[in-house]
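A.B. asks: return atomic coordinates for the entry below.
(one chain, ligands or ions: 2)
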Amino acid sequence: ARKAALTAATGPGATSDGHKVPLLANVGGPGDVPAAVEAGAEGVGLFRTEFLFLDDSKQAPSEEKQIAAYRAVLEAFPEGRVVVRVLDAGADKPLDFLTPADEPNPALGVRGLRSLLDHPDVLRTQLTALSKAAEGLPVYLEVMAPMVADRADAKAFADACREAGLNAKFGAMVEIPSAALRARSVLQEVEFLSLGTNDLAQYTFAADRQVGAVSRLQDPWQPALLDLVALSAEAAKAEGKSCGVCGEAASDPLLACVLTGLGVTSLSMGAASIPYVRATLAKYTLAQCERAASAARAADSAEEARRAAQAVLSGE
Ligand code: PEP
Ligand code: MG
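C.D. replies: Ligands and ions are numbered 1, 2, ... in the order given. Take a look at the predicted model:
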């Protein structure tokens, strides 16, 4: 019954006093779109395009194949936002034609945007396919790069987008602490930020996201991670730009309130979490979310941060 009540609650994401926080879906391909629409997603905040490339690790899919897949997702959100992430290969998602075979630490090697800058033809084909897929559709296309470390990375990506004639907003994912620490500098080159909290936690705590033994350090409630979220959101605000979250952190309803309080402007998550996040956010004012965020940042551990935020929001 509780689930039914939550699922019935629809409409745009907002705090109880009307501060809007668009709730977007993370999708891995056209197959995830029906669930996103059903959950009332206001668009897609992270379209992971890797799925297209994993069938054949010897070569990139043709431009035609890419256009068809991108169009199937873009068409599902008329007038909505769709944020497409260009190929994030390497580390846990190696591709023979892109990923060096002999890296001692693949997570710290040539992955994400780094692979694409080494293979400009692959990036160009992807951007051209996106541009053609969006032609004639009323969708607000945004395209972002994974694993941006600094302003030079952001500029290289924005240049590639411009060269491909892409009519879209260009953004940078914040997944590396250097990008959060110098977010204002990164924002000189791109129009939005999107925090990938899974990798940001991995690189902040030097804790491999695939190693269960260090999962304590992967907890997105870690105050150090919240500090980096705050730095990014404050930089975006100062530049008049947006800063979303598309990592797992956004799917925890209580943490979603804290992220809102830290100044994050949209939340993207697996479709199944959207009704719960929408319902929780609607219970609190922006000022309450801000107080919960301050309490969480003042904590010394993830558990303490969670408890402190909970105490503020339940009025203890
Ligand atoms: C992240 O790192 O938080 C993210 C959203 O990207 P992925 O999980 O695909 O690496
Ligand atoms: Mg990532």
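A.B. asks: for ligand 1, what are the nearby residues on the stretch 51-200 of the chain?
C.D. replies: Within the stretch 51-200 of the chain, the positions near ligand 1 by Cβ under 6 Å from any ligand atom are 88, 175, 196, 197, 198, 199. Where C-beta positions appear, they are placed from N, C-alpha and C, glycine not excepted.
A.B. asks: could you identify the most distant pair in these?
C.D. replies: Across those, the longest distance by Cβ to Cβ is 14.6 Å; it joins 88 and 197.
A.B. asks: ligand 2 next: which of the residues of the stretch 51-200 of the chain next to ligand 1 are close?
C.D. replies: When contact is defined as Cβ under 5 Å from the ion, these meet ligand 2 at 175, 196, 199.
A.B. asks: just the buried subset of those residues, written out for PyMOL, thanks.
C.D. replies: Provided next is the PyMOL selection string for whichever of those are buried by 16 or more other Cβ atoms under 10 Å:
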select buried, resi 175+196+199
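A.B. asks: just the closest residue of the stretch 1-150 of the chain to ligand 2, please.
C.D. replies: In the stretch 1-150 of the chain, the residue found nearest to ligand 2 is residue 146; the distance is 5.6 Å by Cβ to the ion.
A.B. asks: what's the distance between that residue and residue 87?
C.D. replies: Remark: distance between residue 146 and residue 87 (Cβ to Cβ, to the nearest Å) = 8 Å.
A.B. asks: could you do residue 284 as well?
C.D. replies: Remark: distance between residue 284 and residue 87 (Cβ to Cβ) = 38 Å.
A.B. asks: keep only those of the ones next to ligand 2 among the residues of the stretch 51-200 of the chain next to ligand 1 that are in strands.
C.D. replies: Per DSSP state E, strands hold no members of these.
A.B. asks: pLDDT at residue 54, what is it?
C.D. replies: pLDDT for residue 54: 85.
A.B. asks: and if you look at residue 94?
C.D. replies: Among the per-residue scores, residue 94 shows a pLDDT of 89.
A.B. asks: quick check: it touching residue 106?
C.D. replies: Yes - taking contacts as Cβ atoms under 8 Å, residue 94 lies within contact range of residue 106: 6.9 Å.
A.B. asks: so for the strand or helix carrying residue 69, what's the average pLDDT?
C.D. replies: According to DSSP states H and E, residue 69 maps onto helix 63-74. The average pLDDT within helix 63-74 is 96.
A.B. asks: list the helices and strands the helix or strand following it packs on?
C.D. replies: Using DSSP H and E, the helix or strand that follows helix 63-74 in sequence is strand 81-85. On a contact count with 3 or more Cβ pairs under 8 Å, 6 or more residues apart in numbering; DSSP states H and E, strand 81-85 meets strand 43-48, helix 63-74, strand 140-145.
A.B. asks: which residues make contact with strand 81-85 from outside it?
C.D. replies: Identification of contacts with strand 81-85 by Cβ atoms under 8 Å, 6 or more residues apart in numbering yields 22, 24, 42-49, 70, 73-74, 130, 139-146, 171, 173, 194, 244, 246, 268.
A.B. asks: that strand to strand 43-48, inter-axis angle?
C.D. replies: Angle of strand 81-85 versus strand 43-48, following axes from the mean of the first three to the mean of the last three Cα atoms, to 10 degrees, is 10 degrees.
A.B. asks: partner strands of strand 81-85 and their direction?
C.D. replies: Its sheet considered, strand 81-85 pairs with strand 43-48 (parallel), strand 140-145 (parallel) by DSSP bridges.
A.B. asks: winner for burial among those?
C.D. replies: Comparing those by mean neighbour count (mean count of other Cβ atoms under 10 Å), strand 43-48 ranks first with a mean of 26.
A.B. asks: can you tell if that strand touches ligand 2?
C.D. replies: No - figure legend: strand 43-48 not in contact with ligand 2 (Cβ under 5 Å from the ion); closest approach 8.9 Å.
A.B. asks: who in the chain is up against ligand 2?
C.D. replies: 175, 196, 199.
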